[in-house]
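> no sequence on this one, just coordinates:
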């Protein structure tokens, strides 16, 4: 049998022959062949197919009457030639397929539904099992290597993780609605409902008839894009008769290297120009990180005279993080479809009660099905490798030594270590240093799910060797409801020195790594804060959420800020406030990764809108100020394929009242050379203050851009971007008089603007930003007009 070396799919109609004897044949529609052995032991069996590297097998290695599995790897055979013809049959066939594109694209049907069975397997590859058995870390787990598969593929691999999901999926075109009901899931490795949802059909669908195919959150140009003839060369290399139907063998290949395109082939019905099978391949030259290769395979089935629908598809990816010979992960996702319904009135009725566009429902008992029940639920049977995964991981997870190794690796990677019902860390906050505190020591202690699944308690103590003062924080989270709409409470008390701990979502300055990247020419500002806080968060569905705050805050300037004596008050305590705030947020179809207690947003395909209203009350808990604040923002990240992605955030706000600086809008600055996307990186913290402001941040990530035109930068996979950040602001005369010109600057109705560009994806994880300050321009030293910043990020 001849198969694709990545997807394991049989290759039909491949040429198989002996080089010297000359006898041979072509494989059948299932990739099988039978051939008479050459009598010459020095002869070679040659296997070739368009779009694949030629394979050669010595005749002496073939055992008579024993099956041989021959793997072909994607690439270009030395024997392939490009034939120039007066009529481009490939382009002609592509145009015929495109003329039927709207008809055959399943998302143009009135509606459809099916049951899907998803199976994701993760295997380890590129390691020496004998060396691994002797390694002191892996020696206690040597039984795992008994499951190494060295027969079904050319390179041995170790099955490591398996998840199976069964779901009912339905779609309606107008009004556009999706629904997925996940009925069963079986996992070996770890269980997480958000992972199960992300592996469901809704997040994994590949539609070959669309203009773009999303791979690892990057859009690749489909061979059936409306303008695909600009990016691809097409060819018809063969015609065959399969099951009484004449089909064309259609191939596509990128015209230029370095673009996000595919190499592959398809079998197309000659009468109707429908795709029967398609294979698409992404090679090493594509600008995608940690991926050695990606293969997509889809097979369609005829469900009536005019409609072909998906029968099964495969998505295989090889992940290599550290290089060609490093340990590799192989992800194999297979989906099959049955009980298909198309253009049904019953589906129209079923969608009448759904009042949102997209709905994913997880059955409460998805993990409860027995092994015998799963045998009836699966669309196919498990292979010997997949069965071995269940046995191996069950045994592995029960071993105390493995649990200890797992906890150690988690501690190094995340900073946290579990000890019974509690956790300590992160370790990188244990020691840091600054001008006010000297060497700072900090220790955190929190609870974990063994203590309580819905209540999280956390606190820390910190001490500075220079200020000889003890600081700390204590907080409690209580999740009253998780699904479908989250409801939680949060109470906290903190008394600490402001080290930029709330540094706009990027790197905290309260850790050891910032010691080496602080700006040498900026005066650090230090502020002691004492904060009592109570929060109520509630989701209402359809993307709406509210969060109410009650907070009592007291500030004491310590260094390079105006002293508290500059702000005398008649009643209450200086620089002390009590406020109530309400935050309204709308994030339609936002997706999350669910942790033990906290959720991490994976974003939304729609803009996210936030409005925060804050009211300060004088006379409550020594508060000395009455004020009102309004803050508004809208942000989005849009794919503008093939031109990359465009992100923006527009915001505005106003403060009513005559107030000390800390209660006004302090424009976000950055005191370190680590680039922060949410701040002005050439502005120092507490440099500018305003009582009314409006701004916008825009960043365009181009992708390969100009770097794809030179072989070196194309090989390095550098990426291009540009950005601009600007804010307009002003302060009224009363606030300027109160806060003075000594410590702060005011925009006076003008703007502060930075522009930047640079190189992203250096060594796959590093980004270099070159930033210029355009305004206000007068009287600035050189280091305030231009800066070079760095940052790290893991991205595909």
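The structure has been received and is ready for your questions. In this text, all values refer to a predicted model and were calculated from it rather than measured experimentally. Numbers count the residues shown, from 1 in each chain.

> tell me the mean pLDDT over stretch 689-704?
Across stretch 689-704, pLDDT averages out at 94.

> buried stuff in that stretch?
Going by neighbour count (16 or more other CB atoms under 10 Å), the buried part of stretch 689-704 is 689-697, 699-704. (Each C-beta comes from the backbone N, C-alpha and C, glycine too.)

> please apply the same query to stretch 303-323.
307-320.

> try stretch 637-655
Buried residues in stretch 637-655, counted by 16+ other CB under 10 Å: 637, 641-642, 644-645, 647-649, 651-653, 655.

> biggest separation within the residues you listed, which pair?
Using CB to CB, these reach their maximum pairwise distance at 642 and 655, which is 43.6 Å.

> what about stretch 616-625, start to end distance?
7 Å (CA to CA, to the nearest Å).

> what's the mean pLDDT across that stretch?
Stretch 616-625 carries an average pLDDT of 94.

> quick one: distance of it to the chain centre.
With CA atoms, centre = their mean, to the nearest Å as the basis, stretch 616-625 stands 44 Å off its chain's centre.

> low-confidence stretches in the stretch 501-650 of the chain?
501-521 (pLDDT under 70).

> again, 90 this time
Scanning the stretch 501-650 of the chain with the threshold set as pLDDT under 90 gives 501-526, 541-543, 559-560, 570-572, 588-605, 639-644.

> now the strands for it?
Assigned by DSSP state E, counting those that start in this stretch, the strands in the stretch 501-650 of the chain fall at 526-541, 544-559, 576-587, 591-594, 599-603, 608-616, 627-639, 645-656.

> indicate which one of these is closest to residue 70.
strand 627-639 (39.8 Å).

> mind listing what's buried along the closest one?
Buried-residue list, strand 627-639, by 16+ other CB under 10 Å: 627, 629, 631-637.

> for it, packing partners?
strand 576-587, strand 608-616, strand 645-656 (3 or more CB pairs under 8 Å, 6 or more residues apart in numbering; DSSP states H and E).

> relative to strand 608-616, how tilted is the last one?
So that's strand 645-656. 20 degrees (axes from the mean of the first three to the mean of the last three CA atoms, to 10 degrees).

> can you list the strands that strand 645-656 pairs with?
Here strand 645-656 has these sheet partners by DSSP bridges: strand 627-639 (antiparallel), strand 692-703 (antiparallel).

> and for the second one?
With DSSP bridges as the criterion, the sheet partners recorded for strand 608-616 are strand 576-587 (antiparallel), strand 627-639 (antiparallel).

> got those strands as CSV, with distance to residue 776 columns?
As requested, those are exported to CSV (distance: least, CB to CB, whole Å):
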stretch, distance to residue 776
strand 576-587, 30
strand 627-639, 24
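
> of all those strands, which one is nearest residue 116?
Among these, strand 627-639 sits nearest to residue 116 (CB to CB), with 25.0 Å.

> so how far is the closest one from its chain's centroid?
23 Å.

> residue 57 pairs with what?
According to DSSP bridges, beta-bridge pairing links residue 57 with residue 45.

> same deal with residue 556?
Beta-bridge partners of residue 556, as defined by DSSP bridges: residue 528.

> tell me the contacts of residue 174?
Contacts here follow CB atoms under 8 Å, 6 or more residues apart in numbering; on that basis residue 174 touches residue 110.

> element containing the residue lying closest to residue 222 once chain neighbours are set aside?
Closest residue to residue 222 apart from its sequence neighbours, by CB to CB, 6 or more residues apart in numbering: residue 213 at 5.1 Å. Using DSSP states H and E, residue 213 sits within strand 212-215.

> low-scoring stretches of the stretch 1-150 of the chain, by residue?
1-90, 103-104, 118-150.

> residue 588 versus the residue lying closest to residue 344 once chain neighbours are set aside, what's the distance?
In this structure, residue 344 finds its nearest non-sequential neighbour in residue 111, 6.3 Å apart by CB to CB, 6+ apart. Applying CB to CB, to the nearest Å, one obtains 22 Å for the distance of residue 111 from residue 588.

> and those two? Which one has more around it.
Set side by side, residue 111 and residue 588 show more neighbours around residue 111, with 20 against 16, by other CB atoms under 10 Å.

> contact partners for that one?
170-173, 342-344, 347-348, 351.

> what about it, distance to residue 175?
Taken as CB to CB, the span from residue 111 to residue 175 is 11 Å.

> looking at the strands of the stretch 501-650 of the chain, which is nearest to residue 73?
Once those are compared by CB to CB, strand 627-639 is nearest, at 31.1 Å.

> that closest one to strand 599-603, inter-axis angle?
Using the same axes, to 10 degrees, strand 627-639 lies at 60 degrees relative to strand 599-603.

> so what's the residue nearest to residue 603 when sequence neighbours are not counted bridging to?
Residue nearest to residue 603 in three dimensions, not counting chain neighbours: residue 637, with 6.3 Å by CB to CB, 6+ apart. For residue 637, the beta-bridge partners are residue 647 (DSSP bridges).

> what segments of the stretch 101-250 of the chain are helices?
101-104, 129-134, 193-198, 228-231 (DSSP state H, counting those that start in this stretch).

> how about the residue nearest to residue 603, what does it touch?
For residue 637, counting by CB under 8 Å, 6+ apart, the contacting residues are 603, 645-647.

> tell me how far it lies from residue 646.
8 Å.

> wait, what's in contact with the residue nearest the centre of the chain?
Centroid-nearest residue in the chain: residue 217, 6.5 Å away (criterion: CA atoms, centre = their mean). Contacts for residue 217 (CB under 8 Å, 6+ apart) come out as residue 796.

> for residue 772, see how far away residue 785 is.
For residue 785 relative to residue 772 (CB to CB), the value is 7 Å.

> hmm, back to that, which residues does the residue nearest to residue 222 bridge with?
residue 220.

> kind regards, and thank you for your time.
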